[in-house]
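[1] A structural model of the following input is requested.
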Amino acid sequence: MKFLIIAGEHSGDILGGALVTELKKKMPGSRFVGTGGENMRTAGVDIIMDIEQMNVVGLWEIIKNSLKGLKLKRDLLTTAKNESINYAILIDYPGFNLMLSKQLKKMGIKIIYYVSPGIWIWGFKRIQIIKKNIELMLAFFPFEKEIYDKYKVKTVVTGHPYVERINKYIHQDKKVSTKLKSALRIPLDPCSKKICLMPGSRLYPIKLQLPILLNVASMVNNEMSKYSQPIEFLIPNVNKEVEGFILSLISSAQQKDSSLRIHYAFDSPLECIEVSDLVLLGTGSCVIETALLEKPMVNFIKINPISYFIIKRMIKVKFISLVNILAEKMIYKEFVQEECTVKNISDESIRILTDKDYRLKLNKTISPILAHLGNGETTNIAARAIQDYIKGHL
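    Residues are numbered from 1 along each chain as shown. Predicted coordinates:
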């Protein structure tokens, strides 16, 4: 059996690596070719293009990279033809993958979509493309299946994969502490409060968001000194290509404020979240991980003004954080675009660090939401659903 498998982001690469590993157990001899990163490469996928060459943020950035996207689409379609691909597994990345699905469908390739596009966020325009081209949808949430059932799209609910990931993480605690120690250049102060700064994994959002976070760090650090409370900041990164840029910004920030204690850690996002008392992050997959690790957070997003102008008119939900969207109310504060200021993020951070009752209220409110994320068997459920579909049992 030959599969084309497409991931365009780090989160998709993690999902794809785990899924391919499980599928190979269930369907020995299967071959996988497509786009991804180190996780999928390690799982045995023949990588045509690495995700570091693919991922961009915002509509304006997509437009600027459209020629690259068109070339990639042609390369993938040529590969699918030359390799006589039987099935395509498209992981998230809807802007590209839904476009690609139309051409794959015309070639007679059966398409499985892993991670439902957020039709409940962006509106239902995409549902007709999905209905026409996607043979099997693997969705995280039961309410997504209810939507697809109305449109007669074959759907299996897998639960959220980060429940599975966090469960594995918790059960390897000793390895985790060793990994973090090796990632950090200087040991952490056991007496300090720790704040994890997560500006994103791609160069563009890091350029926009990390300078804001570093200024927040300086303001929070100075304010918390009034409480005689030392603060340390952790900046995890999973993208080696942006490491030099991140380190240069950290160095500049510490030159401006020599009291800042900032630790950079490569490939240790969960470890940094776990040891932190507060996490400042955007809207990506780390929101769920942070919630599952029961850490208070402040959400923010700053993107290109043109992208924001367009997206604001397309989005159909009130919130940007998946946790707040699922709760249908504001649990964790969000600061979007003009509100994404140093003062706003700093004020909320200081409140969380200094107001114990407020912290407890946040943790208490989030618990019922987490119960709906699944039982931690996402990869096995997804792989079994694909196997059953191929065998004609779905």
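
[2] What does the closest residue to residue 380 other than its chain neighbours show for phi and psi?
    In space, and not counting its chain neighbours, residue 380 is closest to residue 22: 6.2 Å by CB to CB, 6 or more residues apart in numbering. C-beta coordinates here come from the backbone N, C-alpha and C atoms, glycine included. Recorded main-chain torsions at residue 22 are phi -70, psi -40, according to degrees, to the nearest 10.

[3] quick one: buried residues of the one helix or strand residue 347 maps to?
    According to DSSP states H and E, residue 347 maps onto helix 342-354. Neighbour-count burial for helix 342-354, counted by 16 or more other CB atoms under 10 Å, picks out 342, 344-350, 352-353.

[4] For residue 300, state which of the residues you listed is nearest.
    Closest approach to residue 300 among these (CB to CB): residue 345, at 6.1 Å.

[5] surely that closest one meets residue 301?
    No: taking CB atoms under 8 Å as the definition, residue 345 is not a contact partner of residue 301, at 11.4 Å.

[6] Which residue ranges of the stretch 251-394 of the chain form helices?
    If DSSP state H, counting those that start in this stretch is used as the criterion, the helices of the stretch 251-394 of the chain fall at 269-275, 286-292, 305-312, 322-327, 342-354, 356-370, 378-391.

[7] Just the angle for the fifth one relative to helix 356-370, thanks.
    For the pair helix 342-354 and helix 356-370, the angle between their directions (axes from the mean of the first three to the mean of the last three CA atoms, to 10 degrees) equals 90 degrees.

[8] so how far is helix 342-354 from its chain's centroid?
    24 Å (CA atoms, centre = their mean, to the nearest Å).

[9] buried ones in stretch 31-38?
    Applying a neighbour-count criterion of 16+ other CB under 10 Å, the buried positions in stretch 31-38 are 32-38.

[10] Break down the stretch 201-350 of the chain into its strands, ranges please.
    Applying DSSP state E, counting those that start in this stretch to the stretch 201-350 of the chain gives strands spanning 231-237, 262-266, 278-281, 297-301, 334-336.

[11] Can you list the neighbours in contact with the last one?
    Strand 334-336 is contacted from outside by 298-301, 319-321, 324, 341, 344-345, 348, using CB atoms under 8 Å, 6 or more residues apart in numbering.

[12] Of all pairs in those residues, which one is the farthest apart?
    Spatial extent of those (CB to CB) is set by the pair 324 and 341 at 19.3 Å.

[13] quick one, helices of the stretch 101-250 of the chain?
    Read by DSSP H, counting those that start in this stretch, the stretch 101-250 of the chain holds these helices, from start to end of the chain: 119-122, 127-133, 142-150, 161-170, 173-183, 203-224, 243-256.

[14] tell me the mean pLDDT for the shortest one?
    The pLDDT scores in helix 119-122 average 65.

[15] now stretch 251-266
    Along stretch 251-266, the predicted local confidence has a mean pLDDT of 96.

[16] May I see the buried residues of that stretch?
    Within stretch 251-266, the residues that count as buried by 16+ other CB under 10 Å are 253-254, 260-266.

[17] ok, now stretch 325-344?
    Neighbour-count burial for stretch 325-344, with 16+ other CB under 10 Å as criterion, is recorded at 325-327, 331-337, 340-342, 344.

[18] same thing with stretch 126-146?
    127, 129-130, 133-141, 144-145.

[19] Which two among the residues you listed are spaced furthest apart?
    Within these, two members stand farthest from each other by CB to CB: 133 and 141, at 21.4 Å.

[20] Excluding sequence neighbours, find me the nearest residue to residue 288.
    Per CB to CB, 6+ apart, closest to residue 288 is residue 162, 4.7 Å.

[21] ditto for residue 156
    For residue 156, the closest residue by CB to CB, 6+ apart turns out to be residue 385, at 4.1 Å.

[22] Tell me which residues touch the one you found, please.
    In this structure, residue 385 makes contact with 136, 138, 156, 158, 394, judged by CB under 8 Å, 6+ apart.

[23] All set, thanks.
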